[in-house]
Every structure is written in C-alpha cells, then in structure tokens.
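Peer 1: quick one: sequence and predicted model below, then my questions.
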Amino acid sequence: MTQKTHTPTLFFMHDQATALPLVMAVMGFLATLALIGGLALNTMARDWARGLQGTLTVEITAEALDAYKAEHGSALTPAVVTLLEAHPAIGAATPLTDEAMAALLAPWFPDAATVTALPLPQLIDVKLSHPDKMDVAALNTQLAALHPEIRADDYQALIAKQVRLARSLSWLAVGLIGLVGFATAMIISFATRTSFAAHRPTVDLVHLLGTDDKKVIGMFGRHFLIHTLSGGTFGMGIAALVAVLLARNTALGVDSLWAGLGTIGLCLVVGTPLIMAMLAHFMARREVRHQLAAMV
Amino acid sequence: MIRFENVGLRYGAGAECLSDLSFHLEQGSFTALTGPSGAGKTSLLKLIYLAERASRGLVTLMDRDVATLSRQELPALRRNIGIVFQDFRLLDHLSLFDNIALPLYLDGQQPKDYQDDVMEMLDWIGLKNRAHALPPVLSGGEQQRVAIARAVVTRPKLLVADEPTGNVDAKMGHDIFSLFEAMNKIGTTVVIATHDEHLAHTFGEQIIALDNGQMRLEKTSPDNQPAAEAQQAGQSTKDGPEPFSLPLDLHDDAHEDGHSS
C-alpha cells in the first residue's frame, strides 16, 4: 500500500470558519480609513497654511476711491501702493486689474462690461517679504490715515481655525489608528489564549514527545499572521475603495486624494495589513511563549 | 539510566503523593511498576518521562540532573523517551499513519524519509490496510497498538508505558509485554506500570512496588524471565538501542477486543 506523503496538520484543522479574518478585516478597514483621512487632512491643512502664509489683501471701497479723487484730484490706489511698498515687511503690492476682477466675478457676472460698470472695491494683492514683522493692526492705522475706508484683511487669522481643526482631526486619526492597533493586539492575544486552550491536549502531547517550544510558537504565530494578513488586506481594499468613492463624489477629487497621500502615505496604506499581521504574529508568539513557560 | 535519590512529588500545595523514592535503574533494564490505583505509579512515570519535576530530591536521567536542565535542553532528552500513555493520547484528527509518524515529524524528518518505517510499523501492528483511518473508529486494543507503535517508532533509549495492557485481553497483554521484552533485548530500558502482578513478575527483572507514595524494590527470579536465557546466549546488547527487525506479530484477529469497526 502506498501512503501519500504529506505534512500532518497538528493545529487549526477546524478553523476554516473562524471569525478572526472577518474581525481583522474590520480592523484593517478602520485603520486604513483613519490613515487615509488623517494623511489627506494633514496635507490639506499644510497646503492651506502654506498658501496663505505671506499674503495680505488690501481693500479700498468704491466710495473711498471717489471721495479721495474728489478731494485730492489724484487716484487713491497709487498712494496706497506707495505706502504699502514702503512698509519694511512688504515685498510687493499689486492692484488687481479690471480684467482680473472680471475673471473673479465671471461665475456671477459673465459680461465683463457689467463688472466694469459696478461700484466695485479696489483689491490690492500684498506679498510679505517678512511675515513675522507684519503687524496688521498697525498697518490698518497707517491706511486709515489715508482714508478711513481702506482695510487690510488678514486671511491667516480667518483660516487658522480651519487649519487647527484639520490638524486636530489628523491627530484624532492617529489616535484612532493607535486604538485599532491596541484592539487588534488584544483580540489576537485573547484569540491565541482561547486557541491554545482548545488545542491544549495536542500541545501537551507534542511537548512530551520532545517538540521544541519554537516549533509550537511558530505554528501559532504563522496561523495568526496569515489570518490577519488575509483579513487586513480585504479590509484595506474596501477602505481604499470607500475613500476613492468619497473623493470622487466630493470637492476633494481622486487626484487630490492621491496627491494628498503622497508616496509615503500610499506605502503606509498598502503596508497596513502587513503591519497588522506582524503585530498579530508578535502577540500570538508572545502569548504562546507565555503559556508554554507554565509547562515543565 | 535512571537514578532517584530521596525524591518527593507534590502537586501544588497538597500533600506529597510520592515520598523519599530512591532507586537506580540500569541501562537496558526491564522494570515493572506495580501497586494499587492511586499508589503513585503514573506520578512516578511522569517524573521519568519529564512531564513533572520533582518537588525535592535528585532525579538523574541518562546521566543528566533533571533539576539543572533548562527548558531548552529538555526536548532533546524527551526525544529519547518513548511513551505509551494510559489513555493512548492519539490525535483524533490525524490518520493512523500520521499518529505513528508524529515523533519523527516533530523531530524534523521529512515524510518521504519516514514513510517506509511507519508503514512497517503499521504492518507490524496489523493495521497496514487502515493507514488512513482515524483513531476514533478503532477498538481500544487497536488504539493501544497504535500508541505502542508511536512510542517505539523512533527506537527510543527509554520506553515508558503506563498500563499498556489495560484495554486488551490476557493473551494480547502477554504479547505486548513480549514486545517490550524484545525491545529491552536490543538495549532499550523499559519501565512499565501495570496492575498485572503476574506479567510484572514474568517479564520484569525488577519490580518497584508502590503503595501510598512509598516504594519497595524487588528483584525477580531469573527463572521467571523468558528474556534471561536469550540475553545469556549473546543475542542482546545493553549498550543502547540498535536497529531491530520487528519481532512479534500483534495483529492476530483473535486478540481484538471486539470493538473494531
């Protein structure tokens, strides 16, 4: 009689229906979604802060323009530009042209002639050469000396709260990933303990037959690594799909999502199941080693 | 091979179940362990096959002081011991082939390397045609034979059996002891716990009689030992196990206990 050669399966022969991969899929989903959200928010906050840093907008109302011309016989805008360019913290002050204003208002007033006829304020785009030296309140006092209806708007103050909110949400995502990691470690620890207890007669036997602890530890470690890797990969895939659908159906856009993640972010997302699996492998081995240490 | 000096064993904080055991079993000896239920036979065997460590005293096994061995050193020592458990401890999800091959697999051998040895064992115990069967479908006697085959497949230096004849009839019991005797003849040290005083005195060179955790060592008369003559005729070596051809045919259907399926 010929016996087909094979390696005997000592443990986990009835574990095909185990819920572990499903639980790990949920963990993988949560971790990946939190990671993508956190990275995207962090990138958005950084872009907002970078885009607004070093800029100001000065607004001169239409009434001020008219009143100044009537009183002084010259245009107010050049005087304001001269004052701005003389400021030590300002590098350049550029009034917006009529064409630029028309372009800004095009969504509401497609006809440029209509825009020209409107009593619009004059906007001056200011680039700061030394943002740290800029005191907006003091500048507004100087501008008010020319005319009370000239105002410098500091958008950084307005956007700062949004940047802080986005960064807080990023850190929240980091915390969430940490919680998912902790929960995964605890789940694997409990599952390993339960599994070890279920297989205790087999463990006792192979122990007495002279098996090294390493072999038993390795069997349990591999089992939990594979289950976590498969579940985590499934969860990561679903999370990535959800993120893409969200990005596609919102103002963010898929391209912005990928750009927001960056190469390192993408590697982290793809590597999430692997990191989870390594964590599971470590926890399972640690638990089995602990259990075996109690045996003679 | 085995030396006990003032050995005591207690489980947890309970009273000692073995007290002040002192004996020395030579390499190649055949020792029967007798005594009533609860006398401590299984506990003593557990100390010998390293399932427990003594609470006090000195246990030396194969010239190694067990108390000083680290956990990493124990597996190698255990691999020199063949164990026949009282409750067989066959793995129900593994075939007979895999159950017998288990010690070889755990020793790191490849299936293709041990296939012939295991099939030889299956043939020897009369279950070659049921290599793929699972233990639960076997009778008690058949399971006993598989457990014995698993214990001897590695040709261990020390064979420990706990009530190996508890599930078989008198004739089969005698044959099993004859098998252990045959292994003893080729150098394997044998320690068997049994209720059967007749078999113990027939085959044992010495008898450790346990009662309530205390022991009494008896030497049996050589006239009672079928192996003695063969040993004197130079058919054995006591220097250690050597390859042997399986000496007995255990698969006589007349010995089945009637539960085979």
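Peer 2: Happy to help now that I have it. Numbers count the residues shown, from 1 in each chain, chains lettered A, B, ... in the order given.
Peer 1: hey, C-alpha coordinates of whichever strand or helix holds residue B:101 in CSV?
Peer 2: Using DSSP states H and E, residue B:101 sits within helix B:96-106. Included here for helix B:96-106 are C-alpha records, laid out as CSV according to Å, rounded to 0.1, in the frame of the first residue of the first chain:
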residue,chain,number,x,y,z
LEU,B,96,-3.0,6.2,11.9
PHE,B,97,-0.1,6.8,9.7
ASP,B,98,0.3,10.4,10.9
ASN,B,99,-0.2,9.4,14.5
ILE,B,100,2.6,6.9,14.4
ALA,B,101,4.8,9.3,12.3
LEU,B,102,4.3,12.1,14.8
PRO,B,103,7.5,11.8,16.8
LEU,B,104,9.5,11.5,13.5
TYR,B,105,7.8,14.6,12.1
LEU,B,106,8.3,16.6,15.3
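Peer 1: contacts for that helix next, please.
Peer 2: The contact list for helix B:96-106 (Cβ atoms under 8 Å, 6 or more residues apart in numbering or on different chains) reads A:3, A:7-8, A:205-206, A:209-211, A:215, B:79, B:82, B:90-91, B:94, B:111, B:113-114, B:117-119, B:121-122, B:127, B:130-135, B:138, B:146, B:149-150, B:153-154. Quick note: C-beta positions are derived from backbone N, CA and C, even for glycine.
Peer 1: moving C-terminal of it, what's the next helix or strand?
Peer 2: Using DSSP H and E, the helix or strand that directly follows helix B:96-106 along the chain is helix B:111-124.
Peer 1: packing partners for that next one?
Peer 2: Using 3 or more Cβ pairs under 8 Å, 6 or more residues apart in numbering or on different chains; DSSP states H and E as the contact criterion, the elements in contact with helix B:111-124 are helix B:96-106, helix B:140-152.
Peer 1: just to revisit the earlier point, whichever of the contacts of helix B:96-106 end up buried, select them in ChimeraX.
Peer 2: The command below creates a ChimeraX selection of those among the contacts of helix B:96-106 that count as buried (16 or more other Cβ atoms under 10 Å in any protein chain shown):
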select /A:3,8,205,206,209,210,211 /B:79,82,90,91,94,111,114,117,118,119,121,122,127,130,131,133,134,135,138,146,149,150,153,154
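Peer 1: where does the stretch 151-296 of chain A dip in pLDDT?
Peer 2: Low-confidence segments of the stretch 151-296 of chain A, defined by pLDDT under 70, are located at A:251.
Peer 1: try 90 this time
Peer 2: Residues of the stretch 151-296 of chain A that meet the criterion pLDDT under 90 lie in A:152-167, A:198, A:212, A:246-263, A:294-296.
Peer 1: what does it put close to chain B?
Peer 2: Counting by Cβ under 8 Å from any Cβ of the partner chain, the residues of the stretch 151-296 of chain A close to chain B are A:201-202, A:204-206, A:208-213, A:215, A:293, A:296.
Peer 1: residues in contact with the nearest residue to residue B:89 once chain neighbours are set aside?
Peer 2: Across the structure, with Cβ to Cβ, 6 or more residues apart in numbering or on different chains as the measure, the residue nearest residue B:89 apart from its sequence neighbours is residue A:205 (5.1 Å). For residue A:205, the set of contacting residues under the criterion of Cβ under 8 Å, 6+ apart consists of B:89, B:91, B:102.
Peer 1: let me know the pLDDT of the last one.
Peer 2: On the pLDDT scale, residue B:102 is placed at 93.
Peer 1: who touches residue A:288 in this structure?
Peer 2: Taking Cβ under 8 Å, 6+ apart as the test, what residue A:288 contacts is A:192, A:196, A:216, A:217, A:220, A:221.
Peer 1: next step: the residues you listed restricted to helices.
Peer 2: Using DSSP state H, A:192, A:196, A:216, A:217, A:220, A:221 are the members of those that sit in helices.
Peer 1: can you pull the contacts of the fifth one?
Peer 2: Just to be clear, that refers to residue A:220. Applying Cβ under 8 Å, 6+ apart, we find residue A:220 in contact with A:11, A:192, A:195, A:196, A:284, A:285, A:287, A:288.
Peer 1: ok, those residues vs residue A:115, which is closest?
Peer 2: The shortest distance between residue A:115 and any of these, using Cβ to Cβ, involves residue A:284 and amounts to 68.7 Å.
Peer 1: residues near the nearest residue to the closest one once chain neighbours are set aside, how many?
Peer 2: Closest residue to residue A:284 in three dimensions, ignoring its sequence neighbours and counting by Cβ to Cβ, 6+ apart: residue A:224, at 3.9 Å. Other residues within reach of residue A:224, judged by other Cβ atoms under 10 Å in any protein chain shown, total 28.
Peer 1: now the element after the helix or strand in which residue A:224 is found, going C-ward?
Peer 2: Under the criterion of DSSP H and E, residue A:224 resides in helix A:213-248. Taking DSSP H and E as the definition, the helix or strand that follows helix A:213-248 towards the C-terminus is helix A:254-293.
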